[in-house]
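Enquirer: sequence and computational prediction follow.
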Amino acid sequence: MLAVEMKGISKHFGLVQANQDVHFCLESGEIHALLGENGAGKTTLMRILYGLYRADEGEIFINGNKMEIHSPKDAIAAGVGMVTQHFTLVPTLTVAENIVLGYTNSLTLSQKLIEQKVQAASERFGVSVNSSALVKHLSLGERQRVEILKALYRNAKILIMDEPTAVLVPQEVDILFESLLRLVKNGLSVIFISHKLNEVMTVCDRVTVLRDGKTVGTVNKNETSREKLAKMMVGRETFLDTQRSSRKTGESVYEVKDLTASGQQVVKALDNISFTINANEILGIAGVSGNGQSELTKVLTGILKPTHGSIKLEGQEISRLSPGDLTEAGLGRTPEDRHEGTIGDLTVAENLALEDLNNYTKNNILDQKKIHEDALKKIDEFQIKASPNDRLRTLSGGNMQKVVFARALSRRPKVVIASQPTRGLDVGATEYVRKRLLEERDRGAAVILISEDLDEIMALSDRIAVLYEGCIKGIVPTSEATAEKIGLLMAGVC
Amino acid sequence: MDEFIVGLIAATLRVATPLIFATLGELFCERAGVLNLGIEGTMFLGAFVGFTAASMTGSLWIGLLAAAISGILSGLLMSLLSVRLGVNQHVSGLGITLLLISLSLFSYRIIFGESKIPPSINSFDLLKIFSDNPVLGPIFSQYLLTYIAIAIIPVVWYILFRTTFGLNIRAVGENPEATDAAGINVYKLRTSALMIGGALMAIGGSFITLAQLGSFTFGIIAGRGWVCISLVIFGNWHPIKVLLGALLFGGVSALQLRLQLKGLKLPYEIFLALPYIVTIIALTIAGRNASYPAALLKPYKRE
Amino acid sequence: MFKFRIERAPAPMWTKPLIPIVAILVTFLITSILIILAKANPLQAYYHFLITPLSSTFSALEVLVKATPLILTGIAVTFAFTSGYFNIGAEGQLAAGAIAATWVGITFGNLSPIIAIPLMIIGGFVAGMAWALIPAILKVKLKVDEVVTTLLMNSIIVYFISWLLNGPWRDPISNWPQSPDIGSSAIFFRLIPKSRLHIGFIIALIVVVIVYFLIKKTPLGLRMRASGASKTGAEFAGINVSKTIFIAALVSGGIAGLAGVSEVAGIHYHLIDSISNELGYTGIIVATLGGLHPIGVAISALFIGLIDTGSQTVSRMLGVPVYLGNVVQSALLLVTLGMLLFQNYRIKRL
């Protein structure tokens, strides 16, 4: 029997067609992967199923009955649960409070009673949680278990998991897969959103591939291979593997020593990090997301002050400099999130000039002509599809990222800091950004590439450092790095 | 005990009463993620509507009820702007305050005209407990609403921390996305918080006309709403701590009046301004440690 | 049948100038209920509101008189809001400016106007800045919400003025709670004889031009706009957001202080209790209606000035309480706020 059938689903946001005539079927009792690249429309489709978005067109059947799902409430009533990528938990509440939230009929709330109930459910489903702990004190893996239990507690028979392994280390992934397989045996059906071929082949029964918002096809795991799936997913032969000649790098320019910084939730988001980087070199910093990448980006770009340690640029201490002074000192800084590092309400030209206002000021007045002309030059050089007077927020992600790069690179910095530079970009923009980073390296810059995309790290870096729980677990030359070796480091196994 | 101190305590409770009601009202709104700067106007409206309804019907209780209803309507207006439409909470709240004050003044003129002697009503009687005791007697000679104000604090605590509705409110003020994903209607929840909050604010305002003064004057609220905003921060969004702040404020105001009556040569304005200055100092000290509801000021919009 | 769908996308540009017009119409429609309740004819009332004040030179100039402080407080609010600082304290900063102007006017009011008037302007600006200082410091140093602190500062200065007028500055001649008059050479001279229009209006227009220039053409203005639009983005680009906000907050206070100077030197000639009279709060309405654009703010101040003048006409001619003007102004603010959001939607025919 079909647990879920989605027919002809279309959904657009502004000018972007996120889903177009998508068909999707989930059999009862299977783990079904929804595979596709970033931006293929997987999450949109599932948010429609869970009632977070309304489809423009299309029909949804659950257990054979046509459903109108207007809100998560309807979805929950129909037995659908979802564990999203960004956990929907309230940090200041306890585990038990989070689990019963929106799912209790009684008017009053006895802490003791709900904790007992949640603990009982935890044992029944074999998903272990501490029901009286505050969520803000839990690790990401623990939070994910709370999310799963929350869905099961609501009698979910169909569980949507959006990129569940993105925040987990391999050991936690194994535990997750084990409990999913056990739950499926007991009658649960699972939709597993992923863009990782290996885990899809490990745990799933069938795979539906989406590309550019459209269904490419559904296949049984046994009748396909990684290569076939990759081809369906990308739509072209993969995969660019740049030749790894052992190039000669220049002198050491940038030295990070014993760097420690606190994050929003953890005291030591970065714990005694040290590395150096040479001219003519790309140092890739790999790691599972949430292991200190954001904080490292912030410290290196001057947004967050380290609690301890030093950063030296050509021997000069720069760790306490302001962002503006870092730019002056010769750093090309790009933000982890391009929306946070730019200003959507200002124009492209204004954004491009913002980092270097002294250069665009004559007698204390903005030199509008120069701002405009330089913007035109950069737009041309970096192939940005926009005009100088467009508001930045009207640009696509790829063009916005090119603006970020144009601003950071136009002063020919000695050190380039790129953090998640291709996250959420389409194939064309991704290739442009990567090519650009290689050009910077060839020009003589020292490039720090912080990325959660291991393929990207492997393809671009000369050396690879792995971040794990705020520590650098090891730095290996790419020529010696195998996926297994890096994978182990990412899991904290040395 | 000294007569002076006994009188001071009694007056403190009286001055604190409207503040307790309105601050608890604001607490509800902020716990749900909405900073309601409409509080000043809502208190003003409550004072006016309570007075008008009481003087028309002759019943103080109908006045109180009418005030509460007007507060609920004010909460609905705030909800329409800041919750449904997602307008900036600062500006929409201030706009509502300006609107409600001018609307009350306009209506007062239409209903009561421009008489030289301001109309008045027979206000609530004092409810005397322990009237034989020389110390407790004067302290517990208060309006019923004052006793209710004290009693309502544990009630609000219970609602927030021991009911499902309270859990939902606390959740929506911290993480509306999570609350929505849990199948709770964020808009309805915030709207109900604003309605309850509005009712409490308006009751607080009506206490001044229905109990304390028995008449309506144009400067009747005079910034008390803004005091309540700071009392919420001062009380760290916790109903019990809010009481302490309200008593502190009430105490300083009462002391000022008493010292003035005693003929102290100090300029009384210092005492009137003191609570505001103390609040600024308290904000400075609390500053970094204040545990604002995480979603405060952020309109929620589902894609 | 035509089918329509409302979708989230920027509305076409031509709708932008329509927003204030439609907002005014909607507001008038709503407030006509009140006029009917006041037993008057709404059409007649709005005639007296909008047309009568403009039909005689004297009352038309009176509109400019009313608009003068509103231009200044509106610009003050705009200046702060542009940088992302919600200065609700124009009310108190205006009062601070008025106190300084009164002091300068009394002390130096018998020197030449060439000395007295610039001294008053500087004094008022500095006093407004000073009153804005504490909330600004708390904001940038301790991240204390400026909305609450500026509101509290508004309340504090009310008592300060009350103390001044009941104590040291009480007019010894009349013995009323008002200060003695400022010296004659400190009085703003009239632009047009037999009207109340004074050079404060010209000062306000100059401030509009300067602020327009500052915001749009200078690096400080760009930094302010950047900080206001995205704090994180501005910080990332190397802008010292705290410093920018701090400067904007103080200048905003200074401009509000000028409104106080204008009221003392141009209208009252002495300090009174109700010197601010909600001009600061109305400045928020003016700034919002003017779309936080200096020129728009000047226009909306004129419109609010018209409603102020008109409400007195309506009150005189039809007996409608004068507070109708305030109701119209605040309702207009709320309607406009609601309508601004429609800019983010467009209607699409399927």
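Expert: That came in fine, so what should we check first?

Enquirer: tell me which element residue B:25 is part of?
Expert: Assigning secondary structure by DSSP states H and E places residue B:25 in helix B:3-31.

Enquirer: after that helix comes which helix or strand?
Expert: Next element after helix B:3-31 (DSSP H and E): helix B:39-57.

Enquirer: following that next one, which helix or strand shows up next?
Expert: Defined by DSSP H and E, the subsequent element after helix B:39-57 is helix B:60-78.

Enquirer: check which residues of whichever strand or helix holds residue A:325 are buried.
Expert: Counting by DSSP H and E, the element that carries residue A:325 is helix A:323-329. For helix A:323-329, the buried set under the neighbour-count rule, 16 or more other Cβ atoms under 10 Å in any protein chain shown, comprises A:323, A:324, A:326, A:327, A:329. Where you see a C-beta, it was placed from the backbone N, CA and C, and this is true even at glycine.

Enquirer: what's the answer for stretch A:26-45, then?
Expert: In stretch A:26-45, counting by 16+ other Cβ under 10 Å, buried: A:26, A:29-45.

Enquirer: which residues of the stretch 201-350 of chain C score low on pLDDT?
Expert: Applying pLDDT under 70 to the stretch 201-350 of chain C picks out residues C:343-350.

Enquirer: quick one: the strands in it?
Expert: In the stretch 201-350 of chain C, the strands defined using DSSP state E, counting those that start in this stretch lie at C:345-349.

Enquirer: who in it is up against chain A?
Expert: C:217-219, C:221-223, C:225-226, C:229-230, C:232-240 (Cβ under 8 Å from any Cβ of the partner chain).

Enquirer: how about stretch A:441-459 against chain C, any contact?
Expert: No. Stretch A:441-459 lies out of reach of chain C by Cβ under 8 Å from any Cβ, never closer than 15.3 Å.

Enquirer: which parts of that stretch are buried?
Expert: Within stretch A:441-459, the residues scored as buried using 16+ other Cβ under 10 Å are A:441, A:445-454, A:456-459.

Enquirer: about what we covered before: check whether the helix holding residue B:25 contacts chain C.
Expert: No. Using Cβ under 8 Å from any Cβ, we find that helix B:3-31 stays clear of chain C, coming within 11.3 Å at best.

Enquirer: by how many degrees do that helix and helix B:39-57 diverge?
Expert: Here helix B:3-31 runs at an angle of 110 degrees relative to helix B:39-57 (axes from the mean of the first three to the mean of the last three Cα atoms, to 10 degrees).

Enquirer: run the chain-centre distance for helix B:3-31.
Expert: Centre-to-centre, helix B:3-31 and its host chain are 9 Å apart (Cα atoms, centre = their mean, to the nearest Å).

Enquirer: name the SS class of residue A:312, please.
Expert: What DSSP: H, G, I helix; E, B strand; the rest coil gives for residue A:312 is strand.

Enquirer: give me the beta-bridge partners of the nearest residue to it once chain neighbours are set aside?
Expert: Counting by Cβ to Cβ, 6 or more residues apart in numbering or on different chains, residue A:255 is the residue found nearest to residue A:312 once chain neighbours are left out, at 4.4 Å. Note on residue A:255: beta-bridge partners residue A:276, residue A:312, judged by DSSP bridges.

Enquirer: was I right to think residue A:255 contacts residue A:276?
Expert: Yes. Between residue A:255 and residue A:276 there is a contact under Cβ atoms under 8 Å: 4.5 Å.

Enquirer: residue in the stretch 101-250 of chain C nearest to chain A?
Expert: residue C:238 (2.9 Å; Cβ to the nearest Cβ).

Enquirer: so what's the spatially closest residue to that residue that is not a sequence neighbour scoring on pLDDT?
Expert: Sequence neighbours aside, residue A:324 is the residue nearest to residue C:238 in space, at 2.9 Å (criterion: Cβ to Cβ, 6+ apart). With respect to pLDDT, residue A:324 has a value of 91.

Enquirer: do the one 3 residues further on as well
Expert: If you check residue A:327, the pLDDT there is 93.

Enquirer: what do you get for residue A:8?
Expert: 94.

Enquirer: how about the secondary structure of it?
Expert: Once three-state DSSP is applied, residue A:8 turns out strand.

Enquirer: so which bits of chain A are right by chain B?
Expert: Near chain B, when you scan chain A using Cβ under 8 Å from any Cβ, you find A:13, A:50, A:52-53, A:71-73, A:75-76, A:82, A:84, A:86-93, A:97-98, A:100-104, A:106-110, A:150.

Enquirer: who's in contact with residue A:60?
Expert: A:4, A:5, A:6, A:7, A:9, A:48, A:49, A:66, A:67, A:68, A:69 (Cβ atoms under 8 Å, 6 or more residues apart in numbering or on different chains).
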